[in-house]
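Trainee: Let's see this in three dimensions:
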Amino acid sequence: MTSSKPIAWAGLLAISAVASLSAGAQSFIYSEGHGDIGIAYEGGAFEPHWHLHAGAVVNGSPLSEDAEYTPGEALAYVPNPSVNRPAGAQWDFLGTAAGNPLWTLPQSNTAGKPFLGIASEELTASEWSSLTLSLVGVSGPSGGQFSLWQGDAFGSPVVKLASGDGISGADTMNMIPGGHDHYFFGFTEPGVYQVTFKWDGTHTGDGAISATETFAFGVTAVPEPGEVGIAVALGLGGLAWFRNRRRVVSGQSR
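Mentor: Below is the predicted model of the structure:
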């Protein structure tokens, strides 16, 4: 993604200090408000990213406008409380027994939690004849499983992706180019998860395109808390690596 990142000298020094503690750890914690795991297409390649909307809370402060981060820059925080896994075989995809704790991000906007969607709004629909998203890997705490589902009109789950029964070719869902939807995100243990997704699409001019990226989720936990604390204390918030490139969707500036 083409981006402009104006960073003050103080910010540069702060970033260096943070990075020196533990290279690769996420420095931006997304904890509330609307955001998406997005996919863009530029220069003949897919570009997966976090797209956090104005008002989303990053490192404790709401964003004044939309911001984009690379997959490795940010982590979505999944807070307490947990809920009990419902009884019934239709919930077995979660990979934990009925009554066990389950931590979720909601399909509808809920105060105090990320309202996370999966979006392809940055793709021009007429340029794509197919688009899919697959789950290809999950790593995290012992016994931790990841699931993605939607609730139907009767409250039953419509399963999209799930690691609880083993990751396979069945863990693939169709996407609508230019679309946007929300889901329940579920986790069975506290800890930090690395969830790897793969996008496959057929571009009408460029043919088959694919990309694989890993996104982090912290279930009542964040990696290297000291790093995030330093970033906040030095005034970085969600601004130091803020991507102020704005895209136009349906004629509206995003």
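Trainee: From here on, just use CA atoms for contacts and neighbour counts.
Mentor: Noted.
Trainee: where does residue 110 fall, phi/psi-wise?
Mentor: Geometry field for residue 110 lists phi and psi as phi -130, psi 130, criterion degrees, to the nearest 10.
Trainee: give me every residue that touches the residue nearest to it when sequence neighbours are not counted.
Mentor: Using CA to CA, 6 or more residues apart in numbering and skipping residues adjacent in sequence, the residue nearest residue 110 is residue 33, 8.0 Å away. With contact set as CA atoms under 8 Å, 6 or more residues apart in numbering, residue 33 has these partners: 53, 55-57, 109-116.
Trainee: hey, what's residue 33 bridged with?
Mentor: Listed beta-bridge partners, residue 33: residue 114 (assigned using DSSP bridges).
Trainee: Then residue 184?
Mentor: The residues that residue 184 bridges to, once DSSP bridges is applied, are residue 149.
Trainee: ok, it to residue 88 distance?
Mentor: Computed as CA to CA, to the nearest Å, the residue 184 to residue 88 distance reads 18 Å.
Trainee: Same question for residue 128.
Mentor: According to CA to CA, residue 128 stands 39 Å off from residue 88.
Trainee: of those two, who's got more company?
Mentor: Per other CA atoms under 10 Å, whichever of residue 128 and residue 88 has more neighbours is residue 128, with 19 against 9.
Trainee: What sits closest to that one if chain neighbours are left out?
Mentor: Excluding its sequence neighbours, the residue lying closest to residue 128 (CA to CA, 6+ apart) is residue 203, at 4.7 Å.
Trainee: same check, this time on residue 101
Mentor: Closest residue to residue 101 apart from its sequence neighbours, by CA to CA, 6+ apart: residue 84 at 4.7 Å.
Trainee: Next: residue 57.
Mentor: Leaving aside its chain neighbours, residue 57 sits nearest to residue 32 (5.0 Å; criterion: CA to CA, 6+ apart).
Trainee: Confirm residue 126 sits in a helix?
Mentor: Yes - read with DSSP: H, G, I helix; E, B strand; the rest coil, residue 126 is one of the residues of a helix.
Trainee: Now do the strands in the stretch 1-150 of the chain.
Mentor: Assigned by DSSP state E, counting those that start in this stretch, the strands in the stretch 1-150 of the chain fall at 28-42, 45-52, 57-58, 61-62, 67-69, 74-78, 83-84, 101-105, 114-119, 128-139, 146-151.
Trainee: now the helices: where do they sit in the stretch 101-250 of the chain?
Mentor: Listed from the start of the chain, the stretch 101-250 of the chain has helices (DSSP state H, counting those that start in this stretch) covering 225-233.
Trainee: Low-confidence regions, it specifically.
Mentor: 224-250 (pLDDT under 70).
Trainee: Go again with 80.
Mentor: Scanning the stretch 101-250 of the chain for pLDDT under 80 picks out 223-250.
Trainee: give me every residue that touches the residue lying closest to residue 160 once chain neighbours are set aside.
Mentor: Nearest-residue entry for residue 160: residue 149, 5.1 Å, with adjacent residues in sequence omitted and distances by CA to CA, 6+ apart. For residue 149, the contacting residues are 157-161, 183-185, taking CA under 8 Å, 6+ apart as the criterion.
Trainee: count of residues packed around residue 130?
Mentor: Per other CA under 10 Å, the neighbour tally for residue 130 reads 16.
Trainee: repeat for residue 55
Mentor: Around residue 55 there are 16 other residues, counting by other CA under 10 Å.
Trainee: wait, isn't it in contact with residue 31?
Mentor: No - taking contact to mean CA atoms under 8 Å, the distance of 11.1 Å between residue 55 and residue 31 leaves them out of contact.
Trainee: Please export the C-alpha coordinates of stretch 164-173 as PDB.
Mentor: The C-alpha trace of stretch 164-173 is given here as PDB (Å, rounded to 0.1, in the frame of the first residue of the first chain):
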ATOM      1  CA  GLY A 164     -10.900 -27.000  16.500                       C
ATOM      2  CA  ASP A 165     -11.500 -29.900  14.100                       C
ATOM      3  CA  GLY A 166      -8.100 -29.500  12.300                       C
ATOM      4  CA  ILE A 167      -7.300 -27.000   9.600                       C
ATOM      5  CA  SER A 168      -8.100 -28.300   6.100                       C
ATOM      6  CA  GLY A 169      -9.300 -27.200   2.700                       C
ATOM      7  CA  ALA A 170     -12.800 -26.900   4.200                       C
ATOM      8  CA  ASP A 171     -11.600 -23.900   6.100                       C
ATOM      9  CA  THR A 172     -12.200 -21.600   3.200                       C
ATOM     10  CA  MET A 173     -15.000 -19.100   2.600                       C
END
